Each structure stands twice: as structure tokens, then as C-alpha cells.
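1. this one's sequence-less:
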Ligand SMILES: [Zn+2]
């Protein structure tokens, strides 16, 4: 089931709604620009509720698989990105000071807001800065030992052997 891109977060919080579903890669253009490729959709499970002072909250998790560049072998590595979601819906920046410490503010100035954009932001923030294959899956170490071998060959191949080949 696909998640709605546009929601009324305060109404959903009042109703205590749980939304579960996916955003397709085409809804996630900024994430797409930050990675090599999005492989599959973004899955999210989001619970809308009110805290004791009736502030609308969204909690849950989001995950998406993406291809990123392995910094050891410079090939692509598929990484599952998981983001914990803990948002408090506020009307304006003036209310940021009132946001509970475990929550991030989500400023929603109108009734309706784009759920895909805020969840995409959370996933982008969760992207690891550097990525590696598991060592057994990475060709990076093979690349290094190959380079060592090349170096040895260069040392043993003396210029005289090249001259010898030319003569032949
Ligand atoms: Zn690698």
C-alpha cells in the first residue's frame, strides 16, 4: 500500500491513526540525488498521536535500500538506511522552544503538509557519510593485493628485459 503524500497531520494525530506503507522512488527525488540509486521503495510505519499537552506527534520508523559508493573499492554497495521518526508538529518557528527534547520540530503552517518530504528528510539525515561492503564481499582488498603484485612485477621487470624483447 502506498502512503499518502499529502496529509493533515493534526487531524491524524487527533484520530490516533497509524499509517503503514511505501513511498515509491519517484516521490524521493532529493534522496535519489544523494545516492547512486534507490533500490525499492521507502517503507514507513508512522503512528500519529497527541501528547499530554495535546501536541501532535508522529513516531515510528522508515527504511529504504539504496546503492552508495563503497569507499574501499569504489564500486556500489547496497545499504539499508533506517531512520527513527520522532516529530512534533508545530505551526511556526516560534514554537521550536516548546518541542520536547526527544522530538524534532515539523513546521506545518497550513492544514495539509507533504508527508513524503519530511520522511525523506529524516532518511537523508540518516545516510551514512562513508559506506563499505562487508570485507568478504569487497573487492577493495583484492585490489590492494593486485596493486602489490603489479609493484613486484615492475621491480622484477628490469629495463634490460625490455631491451632484450626489442632485440628479439
Ligand atoms: Zn567495496
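-> The structure has been received and is ready for your questions. On a predicted model such as this, the values are computed, not experimentally measured, just so you know.
2. dihedrals phi and psi, residue 75?
-> The phi and psi values for residue 75, taken as degrees, to the nearest 10, are phi -90, psi 170.
3. per-residue pLDDT, residue 131?
-> pLDDT for residue 131: 94.
4. that one against residue 70, yeah?
-> Yes: Residue 131 is within contact range of residue 70, at 5.8 Å (criterion: CB atoms under 8 Å). Just so you know, the C-beta spots here come from the backbone N, C-alpha and C atoms, and that holds for glycine as well.
5. please enumerate the shared neighbours of those two.
-> residue 77 (CB atoms under 8 Å, 6 or more residues apart in numbering).
6. what residues does the chain put near the ion?
-> Proximity of the chain to the ion, by CB under 5 Å from the ion, involves residues 70, 72-73, 133, 138, 140.
7. which secondary structure element contains residue 80?
-> strand 76-90 (DSSP states H and E).
8. swap that for residue 33, please
-> helix 29-34.
9. touching that helix from outside, list them.
-> 25, 38, 42, 64, 66, 120, 123-124, 127.
10. and the average pLDDT for it is what?
-> In this model, helix 29-34 has a mean pLDDT of 96.
11. how about that helix: buried residues?
-> residue 31 (16 or more other CB atoms under 10 Å).
12. check which element follows that helix along the chain.
-> strand 37-38.
13. which other helices and strands does that next one contact?
-> strand 56-69 (3 or more CB pairs under 8 Å, 6 or more residues apart in numbering; DSSP states H and E).
14. give me the angle between the strand it packs on and strand 76-90.
-> 160 degrees (axes from the mean of the first three to the mean of the last three CA atoms, to 10 degrees).
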